[in-house]
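# Dropping the sequence and predicted coords here.
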Amino acid sequence: MGLFTYFLLGLIPLTALWIGLLITGLSILLTPSHAPKRSREISNLMNKLFINITLFLEALRISSYNLFKTHNDEVFIYLSREEIREIPKEAEKQFITYVYGAPLIRLVSPINRDLVKDFTEPCVAIDHILTEYLDIADRVECYDEEDKIMLKIFRPLISSSFKLERSLGGLYGLIAGSVYALLRGDVEISYVETSTDFILIGMRIKND
Amino acid sequence: MISKDHLSNTLLIIMITLTTWAFWSIGEHRLDVYISMFVLEYLIIKMMLRPRRIFIDILQIGLLIIFLIFVSIRIYEVLIK
């Protein structure tokens, strides 16, 4: 077989083919077979943190409505069981306030202006944070239509609890919502669908 | 769904095989032409799909150096003629 290939192809193309196979072999060797170490560490940290937040939200029965809002260079996530129409002035400074008897929780997002300062397009920024900076997804696709945004995140490496996904879209929703709030304005996560291969996040820009 | 890491390796082997066949069919017998093309294909796939690597991509650095050597030799040959 070797002789047949040698006489058919000749020495140079056969050598080139072997070099090509060597390049592919090295490329396969350099490809990690599991999620990167940093992703796994982040996954563990986030999961533990999220368990606490989820328990807290469960205790207050808050899991229905959210609003991502930018103050100066930071993003605050407001959570309530009632639809959030406006944020009272005191809510911008306090962790918990009551609006018409319903508790309004203010969380600080880990995503701030520094992380997105080089970007003008939210989708590109989210893709950079998820695939390059944190390395917890394969790629991101965005679909815009007026004030509605749909994000498809392929091969997510971190899973969040159902309760947290419903309240603020899990870790991916938190990042996506924060980036949109920084680059586009107030945003609400209204839909999350999770499968093994992708996460679908539906958002709505609220600039009224 | 195939991950971008596996997709990049699959595309690389397909492109390398096709390149070898294409150059062989036109009677190309310069090894540096084959290798330069492989390097370009690797770099294009790396840029387009951004596959993950265990640590820094030493293969990319090595291939880039080899490519630069080949290009330098070609430029030198043109200049001394």
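Structure's in. What do you need?
# So which residue is dead centre in chain A?
Residue closest to the average C-alpha location in chain A (Cα atoms, centre = their mean): A:Tyr172, at 2.6 Å.
# Compute the distance between that one and chain B, please.
17 Å (Cβ to the nearest Cβ, to the nearest Å). All C-beta atoms are positioned from the backbone trio N, CA, C, and that covers glycine.
# check contacts around that residue.
Neighbouring residues of A:Tyr172 by Cβ atoms under 8 Å, 6 or more residues apart in numbering or on different chains: A:Leu130, A:Ala137, A:Leu151, A:Ile153, A:Pro156, A:Ile158, A:Ser160, A:Ile199, A:Ile201.
# can you put these in a markdown table and add distance to A:Leu49?
Compiled in a markdown table, the contacts of A:Tyr172 are given as follows (distance: Cβ to Cβ, whole Å):
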| residue | distance to A:Leu49 |
| --- | --- |
| A:Leu130 | 18 |
| A:Ala137 | 19 |
| A:Leu151 | 22 |
| A:Ile153 | 20 |
| A:Pro156 | 17 |
| A:Ile158 | 12 |
| A:Ser160 | 10 |
| A:Ile199 | 19 |
| A:Ile201 | 20 |
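# before we move on, the earlier item: from A:Cys142, how far off is the residue nearest to the centre of chain A?
Using Cβ to Cβ, to the nearest Å, one gets 13 Å for the distance from A:Tyr172 to A:Cys142.
# So which bits of chain A are right by chain B?
Within chain A, the positions lying close to chain B (Cβ under 8 Å from any Cβ of the partner chain) are A:9-10, A:12-13, A:15-17, A:19-21, A:23-24, A:26-28, A:30-32, A:36, A:131-132, A:135, A:138-139, A:154-155, A:197-198.
# A PyMOL selection for those, restricted to the buried ones, would help me check which they are.
A single PyMOL command suffices to select whichever of the residues of chain A next to chain B are buried according to 16 or more other Cβ atoms under 10 Å in any protein chain shown:
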select buried, chain A and resi 9+12+13+16+17+19+20+23+24+27+28+30+31+36+131+135+138+154+155+198
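# From the residues of chain A next to chain B, which land in strands?
Secondary-structure check on the residues of chain A next to chain B using DSSP state E: residues within strands are A:Arg139, A:Phe154, A:Phe198.
# how about the residues of chain B near chain A?
Taking Cβ under 8 Å from any Cβ as the contact definition, chain B meets chain A at B:1, B:3-6, B:8-9, B:12-13, B:16-17, B:19-20, B:23-24, B:28-31, B:34-35, B:38, B:42, B:50-54, B:57-59, B:63.
# Most neighbours among the contacts of A:Tyr172, please name it.
Using other Cβ atoms under 10 Å in any protein chain shown as the neighbour definition, the contacts of A:Tyr172 reach their maximum at A:Leu151, which records 30 neighbours.
# contact partners of stretch B:54-68?
Residues beyond stretch B:54-68 that count as contacts (Cβ under 8 Å, 6+ apart) turn out to be A:23, A:26-27, A:30-32, B:35-36, B:38-40, B:42-43, B:46.
# ditto for stretch A:117-128
Outside stretch A:117-128, the residues touching it (Cβ under 8 Å, 6+ apart) are A:115-116, A:139-142, A:151, A:175-176, A:179-180, A:182-184.
# In the strand of greatest length in chain A, which residues are buried?
If you go by DSSP E, chain A has its longest strand at strand A:102-112. Along strand A:102-112, these residues count as buried under the neighbour rule (16+ other Cβ under 10 Å): A:Ala102, A:Leu104, A:Ile105, A:Arg106, A:Leu107, A:Ser109, A:Ile111, A:Asn112.
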